[in-house]
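Participant: Return a 3D structure for these sequence lines:
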Amino acid sequence: MNNKPVIAITMGDPASIGPEIALKALMNDSIYERCRPLIVGDASVFHDIRERLNIPLKVKAIASVSEAVFQQGTVEVLDLKNVNPEEIKFGEVSAMAGNASFEAVKKVIELALAGEVDATVTGPINKKSINEAGHHFAGHTEIYAHYTGTRKYAMLLVEDKMKVIHVSTHVSLRQACDLVKKERILQVTELLHNGMKQLGEANLRIGIAGLNPHAGDSGLFGTEDDEEILPAVLEARELGYEVEGPVPPDTLFAKAATGYYGGVVAMYHDQGHIPFKLAGFKWNAEKNRMDSVKGVNITMGLPIIRTSVDHGTAFEIAGKGIASPDAMVLAIESAVQLSVYKTNNA
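Facilitator: Coordinates of the predicted model:
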């Protein structure tokens, strides 16, 4: 057991599905076979959700990683004692919930930097809640970058054959167009290549998306494809990367879904997220909810390992017991794989 990596999992927003999917994921036998999982958050939240949803697990509060026994059937929570369960209302934005979720993220970063845990996995947070609590970040990625002092980083989404990294994420669409620059495209191409290797991807061919319709159509619909993206593609080839582009996005993702590309560079948030979630999210029209939500978000470029579910807080179903833990299980498994790779290549 001591050879297995220690994986710290954040609570997420306590008013969200975060605590529910964390507990449900740790009911999976394969998790304990591959790692030593530990939740970081408020233990009272997990006692409450366990009783409310009749989840057949024990919850044990601990004060430090060294106290953890990692015995299947008992979920250990490094207790931050920062939530009053009586004040939490499922599905509602609040400064208390935002602060609690933020402090859990900050704590796992500290644990990873100190070498007390091998990797971190984050549950969903609500950006409005953490900002109401006075923590002015656009999301997890920016929090991790700030507290690790990382300047060159990117969001990598992973689900089966689809691996997508982004030139920009949480900015306006108008600003995103201005951020399509050769240097940044080369930077995320390198991060994607490294990430694919760490995840055991055999196909290292990378497709680089165009920005404009038809990848600009030789300047008819914009010049960024010719002036920024194509030069990045040519230099990436000189550096030894197997890349194609700029490829019109409507063609690129159709090919990526078949595994033709091992990974894809998207120019902005929705260009990458929409096809990715079409592949991993399964909506049930009859029940008016998601049957399955698959997809892992990995922050590349950090000195520590961070994976996450690639879905939000799902406030509308919080506390109802119907949230799918699929993405959390995949996020934990990806964290284990990255941790093993890091250990073997140290």
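Participant: Surely N99 is in contact with H135?
Facilitator: Yes - counting by CB atoms under 8 Å, N99 does reach H135; the two are 7.3 Å apart. Just so you know, the C-beta spots here come from the backbone N, C-alpha and C atoms, and that holds for glycine as well.
Participant: which stretch of helix or strand covers the residue nearest the centre of the chain?
Facilitator: Closest residue to the average C-alpha location of the chain: N297 at 2.4 Å, with CA atoms, centre = their mean. In this assignment (DSSP states H and E), N297 forms part of strand 296-300.
Participant: now R237
Facilitator: Assigned by DSSP H and E, R237 belongs to helix 230-238.
Participant: Show me how far that helix is from its chain's centre.
Facilitator: The chain centre lies 28 Å from the centre of helix 230-238; the measure is CA atoms, centre = their mean, to the nearest Å.
Participant: and the very next helix or strand once past it, average pLDDT?
Facilitator: Per DSSP H and E, helix 230-238 leads on to strand 243-247 as the next helix or strand towards the C-terminus. Mean pLDDT, taken over the full extent of strand 243-247, equals 97.
Participant: I'd like the next helix or strand past strand 243-247.
Facilitator: Strand 243-247 is succeeded, C-terminally, by helix 249-256 (DSSP H and E).
Participant: now that next one and strand 243-247, what's the angle there?
Facilitator: Using axes from the mean of the first three to the mean of the last three CA atoms, to 10 degrees, the inter-axis angle of helix 249-256 relative to strand 243-247 is 140 degrees.
Participant: Residues in contact with the next helix or strand after helix 249-256: which ones?
Facilitator: Using DSSP H and E, the helix or strand that follows helix 249-256 towards the C-terminus is strand 263-266. By CB atoms under 8 Å, 6 or more residues apart in numbering, the surrounding residues in contact with strand 263-266 are 162-167, 185, 188-189, 192-193, 195-196, 201, 204, 206-209, 245, 249, 252-253, 256, 272.
Participant: Any stretches of the stretch 151-300 of the chain with poor pLDDT?
Facilitator: By pLDDT under 70, the weakly predicted segments of the stretch 151-300 of the chain are 280, 290-292.
Participant: Strands of that one, start to end?
Facilitator: Counting by DSSP state E, counting those that start in this stretch, the stretch 151-300 of the chain has strands at residues 154-159, 162-166, 206-209, 243-247, 263-266, 281-284, 289-293, 296-300.
Participant: measure the closest residue in space to P213 that isn't next to it in sequence to V340 for me?
Facilitator: In space, and not counting its chain neighbours, P213 is closest to F221: 5.0 Å by CB to CB, 6 or more residues apart in numbering. As judged by CB to CB, to the nearest Å, F221 and V340 stand 45 Å apart.
Participant: Neighbour count: these two, which is higher?
Facilitator: Counting neighbours by other CB atoms under 10 Å for F221 and for V340 shows that V340 has the greater number, 18 against 15.
Participant: if I pick that one, what's in contact with it?
Facilitator: P5.
Participant: and whichever helix or strand V40 is part of, which strands flank it?
Facilitator: Following DSSP H and E, the helix or strand that holds V40 is strand 36-41. Strand pairing for strand 36-41, determined by DSSP bridges: strand 6-10 (parallel), strand 74-79 (parallel).
Participant: Mean neighbour count, those strands: which tops it?
Facilitator: Ranked by mean neighbour count under mean count of other CB atoms under 10 Å, those are led by strand 6-10, which reaches a mean of 27.
Participant: tell me the mean pLDDT for that one?
Facilitator: Mean predicted confidence for strand 6-10 is 98.
Participant: helix/strand/coil for the residue nearest to A97 when sequence neighbours are not counted?
Facilitator: Of all residues not flanking A97 in the chain, A15 sits nearest, at 4.6 Å (CB to CB, 6+ apart). Three-state call for A15 (DSSP: H, G, I helix; E, B strand; the rest coil): coil.
Participant: Who are the contact partners of E76?
Facilitator: Going by CB under 8 Å, 6+ apart, E76 touches L38, I39, K60, A61, I62, E67, A68, V69, F70.
Participant: Pretty sure A256 sits against K161.
Facilitator: Yes - when contacts are counted by CB under 8 Å, A256 is listed as touching K161 (7.2 Å).
Participant: Those two: which is more packed in?
Facilitator: Between A256 and K161, counting by other CB under 10 Å, A256 is the more crowded of the two (27 against 15).
Participant: if I look at that one, how far off is V180?
Facilitator: A256 sits 19 Å away from V180, going by CB to CB.
Participant: Repeat that for P56.
Facilitator: Relative to V180, and taking CB to CB, P56 is found at 50 Å.
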